[in-house]
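> Any chance you could fold what I've pasted below:
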Amino acid sequence: MEGEVVMNKPYQEISLLEFQTKYQTEEDCEKRIFKLHWPQGFTCPSCGHQEYYPVTKRKLYQCKKCRHQTSLTAGTVMHNTRTALLLWFWAIYLTSTDKRGFSALSLSKKLGLSYWKAWTMLHKIRHAMKNRDSAYQLTGIVEIDDSFFGSSTKGSSKRGRGTSKTAVIVEASTHGDAIGFAKMTVVDKVDSATIDHLVKANVKANQPVKTDGLPVYTIVSKSGHNHMQEIVNGKKAHEVLKWTHILISNAKSFIMGTFHRFGKKHLQAYLDEFCYRFNRRKWELQLFDRLVTACVNSQTICFAELTQ
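Residues are numbered from 1 along each chain as shown. Below you'll find the model as predicted:
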């Protein structure tokens, strides 16, 4: 199933006042993480046993059977954090409820954190967003197009293909005149091999795929999809691929409006955040609950990986 339209359990809607009431202490946050981490009760990650001793001083759980010790945040984006869980919950809440997104500078001022701590937390949250969306494939008529993000090289008047900007492949599922789920991927170059890889990874088998007439897209028909390729000619591109063009415009506005400047290295993370928000646009009041769940169920990424 594409996206999160059908879920085994409902997500909770939560307002600012409800959030402030529900999460006032570290213990409040710990209880929520415990329930998300072990919905059926504690389960030892080593042997599967369900009884434990609390190692209170070190905030660990020791299995009564094999004596394996694990922490509440093991296997989450908060693993090995020295930042209070309450601050993490506030960061997740603020990120999920502001449509514009939060820059590291804004979050650092809001929560009284150093710039780099706020920057790292936000990128870890975006990492969880990416991991969550990677679980879904696109269905329906899938539009695919390419775009280019970034500022033009000084002195260059080129736009789009053939420039030094960063190439991005945009994929969007459509159902009738409505758009469903979206994916945006930074690529080194727009060629047949890249298109073939992304279609196989992101589009469910046997879906119709719509593209413009660029020769690199002919590979789509060899992947078992009904390829609807249309040469633009006199038509305006936004008429042929309506939804991908809307996504591209909105993504550029989102990134430039919040983050102002960005390089190729972290562009994918900002696109991941944009897509995660877009894909859950119908569940705004549930976004905190969805995002904290994603953060608890996603392995962390360390500072060194983010900056190397």
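> could you show me where the strands are in the stretch 1-150 of the chain, in order?
Under the criterion DSSP state E, counting those that start in this stretch, the stretch 1-150 of the chain contains strands at 52-55, 60-63, 69-71, 141-149.
> what separates the nearest residue to Asp145 once chain neighbours are set aside from Cys302, distance-wise?
Distances taken as CB to CB, 6 or more residues apart in numbering place Thr244 nearest to Asp145, at 4.0 Å, with adjacent residues excluded. Glycine gets a C-beta too; all of them are placed from N, C-alpha and C. To Cys302, Thr244 is 34 Å away according to CB to CB, to the nearest Å.
> more crowded one of those two?
Ranked by neighbour count (other CB atoms under 10 Å), Thr244 and Cys302 place Thr244 first, with 28 against 12.
> How about the contacts made by that one?
Thr244 makes contacts with 143-145, 147, 170-172, as judged by CB atoms under 8 Å, 6 or more residues apart in numbering.
> Among these, filter down to the buried ones and hand me the ChimeraX syntax, if you would.
Remark: buried members of the contacts of Thr244, expressed as a ChimeraX selection using 16 or more other CB atoms under 10 Å:
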select :143,144,145,147,170,171,172
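> ok, and the helix or strand in this structure with the lowest average confidence?
helix 237-240 (a mean of 75; mean pLDDT, DSSP states H and E).
> rewinding a little: looking at the contacts of Thr244, which is nearest Thr43?
Glu171 (36.5 Å; CB to CB).
> How about the contacts made by the closest one?
Per CB under 8 Å, 6+ apart, neighbours of Glu171: 138, 142-144, 182-185, 198, 202-203, 244.
> separation between Trp90 and Ala84?
Plainly put, Trp90 is 9 Å away from Ala84 if you go by CB to CB.
> Between these two, tell me which one has more neighbours.
More crowded of Trp90 and Ala84, by other CB under 10 Å: Trp90, with 19 against 13.
> now that one: how far from Ser15?
Here the criterion is CB to CB. By it, Trp90 lies 15 Å from Ser15.
> Same question for Arg100.
According to CB to CB, Arg100 and Ser15 sit 19 Å apart.
> Confirm for me that Asn202 is in contact with Asp133.
No: Asn202 sits out of contact with Asp133 when judged by CB atoms under 8 Å, with a separation of 9.8 Å.
> So what's the residue count around Ile179?
Ile179 has 20 nearby residues by other CB under 10 Å.
> Angles on the backbone of it, please.
In terms of degrees, to the nearest 10, the main-chain angles of Ile179 are phi -100, psi 140.
> Gln69 - how many residues pack around it?
16.
> so it sits right up against Val55, yeah?
Yes: counting by CB under 8 Å, Gln69 does reach Val55; the two are 6.5 Å apart.
> joint contacts of the two?
Between them, Gln69 and Val55 share these contacting residues under CB under 8 Å, 6+ apart: 61-62.
> ok, back up a step: and the strands of the stretch 1-150 of the chain: which comes nearest Ile33?
With CB to CB, the closest approach to Ile33 among these belongs to strand 69-71: 10.2 Å.
> Tell me the gap between that closest one and the middle of its chain.
Here strand 69-71 is found 27 Å from its chain centre; the criterion is CA atoms, centre = their mean, to the nearest Å.
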